[in-house]
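**Q** Sequence and predicted structure, then a few things I'm wondering about:
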Amino acid sequence: MRYDDNLTAERKTFVTHLECAATGERHAADEIHNLSRAGKPLLVRYDLGGIKTALSKDALAQRAPDLWRYRELLPVRRVRDVVSLGEAVTPIMPLPKMAAKIGGGELLVKDEGRLPTGSFKARGLVMAVSMAKALGIKHMAMPTNGNAGAALAAYASHAGIKTTIFCPEDTPEVNVSEIGLQGAEVFRVNGLIDDCGKIVGEGKAKVGWFDVSTLKEPYRIEGKKTMGLELAEQFGWSVPDVIFYPTGGGTGLIGMWKAFAELEAIGFIGSKRPRMVAVQAAGCAPMVRAYEQGSEHAPRWENAHTIASGIRVPQAIGDFLILRTVRESGGFAIAVSDEAISEGLKEVAREEGFLMCPEGAATYAAYKQSLADGRVKRSEQALLFNCATGLKYPLPPIRRTLDRHKPIDFSMF
Ligand SMILES: Cc1ncc(COP(=O)(O)O)c(C=O)c1O
């Protein structure tokens, strides 16, 4: 089998229809869709019985280690529509020193920083852009906190699709630059991501672009679902006890939950599910507030602020799906302070040699907090998500320079 078979070999596909996540109403597959007729996210449904017959664990094990190995469980029908920049399987790494230090049990982190454009947004956007190519979409637009826009720009440019991207004014410089360099038209907006989303929504009718906002099109979630497929395979067709996920729009959390259900339906895993923990920043925690109040929906969080810009999402259209997943799984939603995020980031970098992004560090801080308050037990195997490479974020300057012309005081080393 060649290394690129996943990108070149036609495989049977099994999409039957799209389903409204709120009402269950059916929508036709292979047509352009944004939200359902009820204004809610659409979920892709498959002939799972057909997949069960067509795909075996052994056949899968022969395939190259990338996201496209799961083709039967993905919406793209023809290989010519696959727009790939090399979506490698991301490693799961133990953090034994941190676990020992804070009195934890088995502590693992899935490092999504290895993906194209340096974040897990590549998973969702490679699928959205491949489907856009399949459906003949010529212009895509999106509001972004940075990483999603970078992934959209990269994949859309690769596919020859025009992109227009809007991000909050204070989006990290590196994100705005990479979006622009990767061929998109990018604008800063003096507001938050939902303000950017309003511009995208308005332009839909006026410019005719396709709105790729989180959960406002059906395929980003299918891409993010591969995190669940991949980690279940990495765990030997099992799942960890608890997953800590940095939650903004929540696509990954909802996607993984969908992945586990599909894997059980095709007989690849049993009924065990991880407890899903939605991690948010204390300065923007709409899901935590709604979870604690027992509500089904999470109203907008005013004056949102946090150093973890990826999870600065004041309001999410998939709020009810995030909350449903957290509750169904027996998990919880937890907020961590910016100080705990910074401290966690430094601690893991210094002691494990692993540079997390602030959103990833938020999951570590949340694990630590949950261990201390008893919501997670030492006996539980916990998986954190580092969703982007720490190298994409501003790093503290180091200002120690030696003058090689002067004698060096070696006693300082
Ligand atoms: C680094 C990072 N972490 C987490 C998130 C939140 O992801 P989701 O929308 O799946 O909740 C984002 C979204 O922008 C991000 O960029």
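**A** Great, that's in hand.

**Q** which residues in the chain form helices?
**A** In order along the chain, the chain carries the following helices (DSSP state H): 5-8, 48-54, 57-61, 96-102, 121-135, 147-159, 173-181, 193-206, 220-234, 251-265, 286-293, 319-328, 338-352, 358-372.

**Q** Mean pLDDT for the ones you listed - can I get that in CSV?
**A** Written out in CSV, the entries for the helices of the chain read as follows (pLDDT from 0 to 100):
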stretch, mean pLDDT
helix 5-8, 95
helix 48-54, 98
helix 57-61, 97
helix 96-102, 97
helix 121-135, 98
helix 147-159, 98
helix 173-181, 96
helix 193-206, 96
helix 220-234, 98
helix 251-265, 98
helix 286-293, 98
helix 319-328, 98
helix 338-352, 98
helix 358-372, 98
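
**Q** Dump these to CSV, plus mean neighbour count.
**A** Every residue, glycine included, has its C-beta placed from N, CA and C. Written out in CSV, the entries for the helices of the chain read as follows (neighbours: other C-beta atoms under 10 Å):
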stretch, mean neighbour count
helix 5-8, 16
helix 48-54, 15
helix 57-61, 11
helix 96-102, 16
helix 121-135, 27
helix 147-159, 27
helix 173-181, 18
helix 193-206, 17
helix 220-234, 25
helix 251-265, 23
helix 286-293, 19
helix 319-328, 20
helix 338-352, 18
helix 358-372, 27
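
**Q** how about a markdown table for those helices, with distance to the ligand added?
**A** Written out in a markdown table, the entries for those read as follows (distance: least, C-beta to the nearest ligand atom, whole Å):
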| stretch | distance to the ligand |
| --- | --- |
| helix 5-8 | 24 |
| helix 48-54 | 24 |
| helix 57-61 | 25 |
| helix 96-102 | 19 |
| helix 121-135 | 6 |
| helix 147-159 | 4 |
| helix 173-181 | 9 |
| helix 193-206 | 8 |
| helix 220-234 | 6 |
| helix 251-265 | 4 |
| helix 286-293 | 9 |
| helix 319-328 | 8 |
| helix 338-352 | 12 |
| helix 358-372 | 3 |
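
**Q** From Asn145, how far off is the residue nearest to Ala259 when sequence neighbours are not counted?
**A** Across the structure, with C-beta to C-beta, 6 or more residues apart in numbering as the measure, the residue nearest Ala259 apart from its sequence neighbours is Gly228 (2.8 Å). Distance of Gly228 to Asn145, given as C-beta to C-beta, to the nearest Å: 23 Å.

**Q** again with Tyr367
**A** In this view, Tyr367 and Asn145 are 23 Å apart by C-beta to C-beta.

**Q** now swap in Glu233 and tell me
**A** From Glu233 over to Asn145 the distance is 29 Å, taken as C-beta to C-beta.

**Q** got it, and Val76?
**A** Here the distance between Val76 and Asn145 works out to 26 Å (C-beta to C-beta).

**Q** got it, and Thr325?
**A** The span separating Thr325 from Asn145 equals 21 Å under the rule C-beta to C-beta.

**Q** And Ala388, by the same measure?
**A** Counting by C-beta to C-beta, the gap from Ala388 to Asn145 is 11 Å.

**Q** Could you find the closest non-adjacent residue to Arg77?
**A** For Arg77, the nearest residue in space outside its immediate sequence neighbours is Thr13; the separation is 4.7 Å by C-beta to C-beta, 6+ apart.

**Q** Report pLDDT for that neighbour.
**A** The per-residue pLDDT reported for Thr13 equals 96.

**Q** List the contacts of it.
**A** Each residue near Thr13 by C-beta atoms under 8 Å, 6 or more residues apart in numbering is listed here: 71-72, 74-77.

**Q** ok, and the closest non-adjacent residue to the residue in the chain positioned nearest to the ligand?
**A** At 2.4 Å from the ligand, Gly310 is the closest residue in the chain, using C-beta to the nearest ligand atom. The spatially closest residue to Gly310, leaving aside those adjacent along the chain, is Glu359, at 4.5 Å (C-beta to C-beta, 6+ apart).

**Q** That neighbour contacts Ile311, doesn't it?
**A** Yes. Proximity of Glu359 to Ile311 meets the contact threshold set by C-beta atoms under 8 Å, at 5.3 Å.

**Q** where do the contact lists of these two overlap?
**A** Residues touching both Glu359 and Ile311 (C-beta under 8 Å, 6+ apart): Pro246.

**Q** For the residue nearest to Arg77, give me phi and psi.
**A** phi -120, psi 160 (degrees, to the nearest 10).

**Q** Then Ile137?
**A** According to degrees, to the nearest 10, the main-chain angles of Ile137 amount to phi -80, psi 140.

**Q** OK, contacts around it?
**A** Residues near Ile137 by C-beta under 8 Å, 6+ apart: 32, 161, 210.

**Q** Try it again at 10 Å.
**A** 32, 128-129, 131, 156, 159, 161-162, 209-210, 212, 217 (C-beta atoms under 10 Å, 6 or more residues apart in numbering).

**Q** pLDDT score assigned to Arg399?
**A** If you check Arg399, the pLDDT there is 89.
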